[in-house]
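J.: my questions are about this predicted structure, shown below with the sequence.
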Amino acid sequence: MLVSNVKGVEECDGYPLQLEIEEMRTEETEFNAFVHRMLPKVRYDALRIAAAAAGCDLPEALDATDEDALRRVHTALCDVHVVKGALVCPKSGRRFPINNGIPNMLLHEDEV
Amino acid sequence: MLSALRRVARPAAARSFAAYTPARTWQVYLSGEIHSDWREVIAAGVADRELPVELAAPITSHEDSDDCGAVILGDEASRPNYDGKGARLNLIRARTGRQARATFPTSEAPSSTVVRSFRPILGRAIISRSALDAWMCTRTLIDAADVVVVRFGDKYRQWNAAFDAGYATARGKALHDPVDAPQPRARRAAAGTTIKRKLSGAGAAMPKQRVGLRRELAGAPRTREGFSRTFLLRFICEKHTLSFRYAELDALLAAHGVDPRAAYAAPAGGAAGAGADPYVAVAFPSAACCAEVVSKAILVRDALEVWGEGDDHAACAAAVAAAPAEGAAPFFAADVSWCVHVEGFGYSFSGAEQEARRGFYKDALPFRGRVRLKGADEQFRILEVYGDVNRGGPRPAPSRCYFGRVVACSAARDLVHKCDLKRRIYLGPTALDNELALVMANCARCDVGSLVLDPFAGTGSILVACALFGGFCYGSDIDWKVLRGKGEHENDGATRRRGMRPRKSASLPVDALQREDGHQKTLFSNFRQYGLAPPEILRLDASRLFDSFREPALAGTFDCVVSDPPYGIRAGARCSGAARDDVQAVPDHLRAGHVPATQPYPVADVLADLLEIAARCLKVGGRLAYLLPATADFDAANDCPAHPALAFVAACAQPVSAKYARHLVVMAKARPWGAADWTPAARALVKRSVDAPYEDLRAKLAEPAKLAEPAAPPPAPAPAPGRCGVM
């Protein structure tokens, strides 16, 4: 969902941010309607790339009736937490660090 | 009643032990679960082999132990008194002369003493006084025992068993594992390990607890359908939440398909007719619907299905007798246990007075089931309403009497105690009062599966409240310190200053959670503490929220936006960018560790951004609920920031001090957001006037009070200390 907010980077170029993972944690949560709510909101191809970086294999094309695939999407969306790592803008190379599970999207004062 | 006291199996000639322990009788205390017959099995075995053993056990019948006080000493209307009588009577049993003075006088002690004295024992103070009394009395029996056997059952949490086992271990008693005892459905875990798990393993049990909470909320309504459609709701009567009750109830009614304008009985109820009256009559389509609403409400205590009402008890009883017989018949069946309580708001009734009132209704109610004062299948209530009278004097004659069936109690009310700030792991200086946060979640119509956004998350108090109602939480904040949390035991400093023992030593689950987080308390620790799924948190600048997201990702995604934005009273708002004009480029080699500069963020901009975020991120019909502190001259109709895409729903004021009040403002998204809403002209409309009552509040509060200004509305009394909260 996130896009690079660096000035001068067009929306379509600053997406998707590449995920670099140094440390991650998995916490299982119950499978529920959340996946159905969120799927229309995320770009599936981008999610798939990010999930691959986190070690989750998602099918190439998603069939909304396939429960097993949805469960894997749920795992990627809800259960996997990147504790430490970075999001990297594909255009400008700007790194947005992730610390303690919180991505830092804040810009430096000269980038505002 | 005081049954199952002591089973003595002292044989005349003890065969097997006689040779080497001729004069010794072993005292064995059997503690633990009470839902199977394991004590009887052991007693039978002891008797069969004629062992020189004296068995002792706690009272194993819940009802008997709870009700004995009220049955012998007379009934009590209020719960603490009722329990207190039972506890005092139970105490008789285990008091020996030596220890008569050693019992813990919890019935008389102020509650803080109870909590403090109790914390060193277990670190959890979630126990009623009567339970503590009862435990103190079993202590005598454990002290006297040579061997203590504790059995953990499969049902319930088994706190009492854990207390007993812990106490016995502390007294150096042998703890026997009941593995080899013949048991019907034994869980063969060693007693020692079970205790350990009970005390420290809260983390492991957490995910289940979350499901349990949901069920609690969903399963609270009774399924049995009533016949009356008029219900009398009783509010929680506390001064600091007085003004929020109708905003919350309206939101819940609307969420359950009941039109709030039509539901209230005369006089013109709703937020407009909001008074301090503790009761309100509401028409619901069914008892189940009423139960659903009430179980979710924070500020409603319970609901009564009105079977009859009248100006006095005789008229009311006549109305009850005239109630449709076929509708009431299921409640009179022989297998339905029942009880009738007498209630009058602000007054108590002696046993004789209660009996006199019950007398009126005797003929109207052909009950055939058993009376159970506690845990009855159906509870009924005789209610006296006194109208507008001066409290404190002798009880006046009732202005109206009601008889009804208790349909539901607020299950969500338990959440207020569950997420008490005093027990929360991670707090900041701006953590929001837990009760208010839950009310806000209800006003925003947060429900199971809702997507919730808080762009000024801070320590996440609001998100915790929304997650407790089953919402999926997204939060952001600019302040790294607040989001990330502080180092070790930051909360213990406060504990130590108050002269209490640090929480760390007593509270094992908290410690376990800290270890998990690498000795750091964070916003996530709070979610883990309550067994909630961790929220999605971002550190970003709320004034640039939209720069960081793909456009379709946010548009119309969220069901609720709930927030307590910074107003510069306790925490000043900041946004990205340097305050100086001559910004220098950050050298590349310093970029990784560079702390971005921030500049002050004017309150009008904070509000304009919050409304813009809500207008874009909410789905149509979704709700925004936020807090707005303002001086006494704040007029919700004119001064509230407005947005063309958002419709004003409600604003209710909570007096914080004589100088200012904070307002809970609720808005709903009325139409899809359009690009025309994000023009300078539209933004000026949102910001309204420069000198709004919420601008520069800190400076205004620092000004000396203006004396004798007749035009100003009289300042409402400040709420109880400690309830004011911060912002």
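T.: Nice, thanks for sending it over.

J.: now stretch B:36-51: mean pLDDT?
T.: The pLDDT scores in stretch B:36-51 average 82.

J.: go through it and flag the buried ones.
T.: By neighbour count with 16 or more other Cβ atoms under 10 Å in any protein chain shown, stretch B:36-51 contains the buried residues B:36, B:38-39, B:42-43, B:46-47, B:50-51. Placement of C-beta: from N, CA and C, glycine included.

J.: out of those residues, the closest to residue B:550 would be?
T.: residue B:36 (58.5 Å; Cβ to Cβ).

J.: and the most centrally placed residue in chain A, how close does it get to chain B?
T.: In chain A, the residue lying closest to the centroid (Cα atoms, centre = their mean) is residue A:50, at 5.1 Å. Separation of residue A:50 from chain B (Cβ to the nearest Cβ, to the nearest Å): 13 Å.

J.: for that residue, which non-adjacent residue is closest in space?
T.: Spatially, and ignoring its direct neighbours in sequence, residue A:50 is nearest to residue A:19 (4.7 Å; Cβ to Cβ, 6 or more residues apart in numbering or on different chains).

J.: now do the phi/psi pair for the one you found.
T.: phi -100, psi 120 (degrees, to the nearest 10).

J.: follow-up on the earlier one: tell me the two of the buried residues of stretch B:36-51 that are most distant?
T.: Once Cβ to Cβ is applied, those give B:36 and B:50 as the farthest pair, at 24.7 Å.

J.: show me the shaky parts of the stretch 501-650 of chain B.
T.: Scanning the stretch 501-650 of chain B for pLDDT under 70 picks out B:501-520, B:570-572, B:577-584, B:586-593.

J.: try it again at 50.
T.: Applying pLDDT under 50 to the stretch 501-650 of chain B flags the ranges B:501-517.

J.: which residues in it form helices?
T.: For the stretch 501-650 of chain B, the helices defined by DSSP state H, counting those that start in this stretch occupy B:503-506, B:508-516, B:523-529, B:551-554, B:603-617, B:636-639.

J.: quick one: buried residues of the fourth one?
T.: Neighbour-count burial for helix B:551-554, with 16+ other Cβ under 10 Å as criterion, is recorded at B:553-554.

J.: just the CA atoms of that helix, as PDB, please.
T.: In PDB, the C-alpha atoms belonging to helix B:551-554 read as follows (Å, rounded to 0.1, in the frame of the first residue of the first chain):
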ATOM      1  CA  GLU B 551      -4.400   6.700  -3.800                       C
ATOM      2  CA  PRO B 552      -6.800   3.700  -4.100                       C
ATOM      3  CA  ALA B 553      -5.300   2.100  -1.000                       C
ATOM      4  CA  LEU B 554      -6.800   4.700   1.300                       C
END
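
J.: does it reach chain A?
T.: Yes: remark: helix B:551-554 sits within contact range of chain A at B:551-554, by Cβ under 8 Å from any Cβ of the partner chain.

J.: from these, pick the one nearest chain A.
T.: For the residues of helix B:551-554 next to chain A, the closest approach to chain A (Cβ to the nearest Cβ) belongs to residue B:553, at 3.9 Å.

J.: quick check: that closest one touching residue A:41?
T.: Yes: with contact defined as Cβ atoms under 8 Å, residue B:553 counts as touching residue A:41 (5.4 Å).

J.: and the pLDDT for residue 10?
T.: With no chain named, the answer covers chain A. 45.

J.: that's the wrong chain, I meant chain B
T.: Reading off the model, residue B:10 has pLDDT 40.

J.: and the helix or strand hosting residue B:231, C-alpha only, in PDB?
T.: If you go by DSSP states H and E, residue B:231 is part of strand B:230-235. Provided in PDB are the C-alpha atoms of strand B:230-235 (Å, rounded to 0.1, in the frame of the first residue of the first chain):
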ATOM      1  CA  THR B 230     -40.500  -1.600  26.000                       C
ATOM      2  CA  PHE B 231     -37.200  -1.700  27.800                       C
ATOM      3  CA  LEU B 232     -35.800   0.400  30.700                       C
ATOM      4  CA  LEU B 233     -32.100   0.900  30.300                       C
ATOM      5  CA  ARG B 234     -30.100   1.900  33.300                       C
ATOM      6  CA  PHE B 235     -27.100   4.000  32.700                       C
END
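
J.: can you give me the buried ones in it?
T.: B:230-235.

J.: name the surrounding residues that touch it.
T.: Applying Cβ atoms under 8 Å, 6 or more residues apart in numbering or on different chains, the external contacts of strand B:230-235 come out as B:245, B:249, B:265, B:278-284, B:287, B:290, B:294, B:299-306, B:345, B:383, B:402, B:404, B:407.

J.: select only the buried ones of those in PyMOL?
T.: A single PyMOL command selects the buried members of those (16+ other Cβ under 10 Å):
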select buried, chain B and resi 245+249+280+281+282+284+287+290+294+299+300+302+303+304+305+306+383+402+404+407
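
J.: among the contacts of strand B:230-235, name the ones in helices.
T.: Of the contacts of strand B:230-235, the ones assigned to helices by DSSP state H are B:245, B:249, B:287, B:290, B:294.

J.: and those, which is closest to residue B:699?
T.: Distance to residue B:699 across the ones in helices among the contacts of strand B:230-235 (Cβ to Cβ) is lowest for residue B:245, with 32.9 Å.
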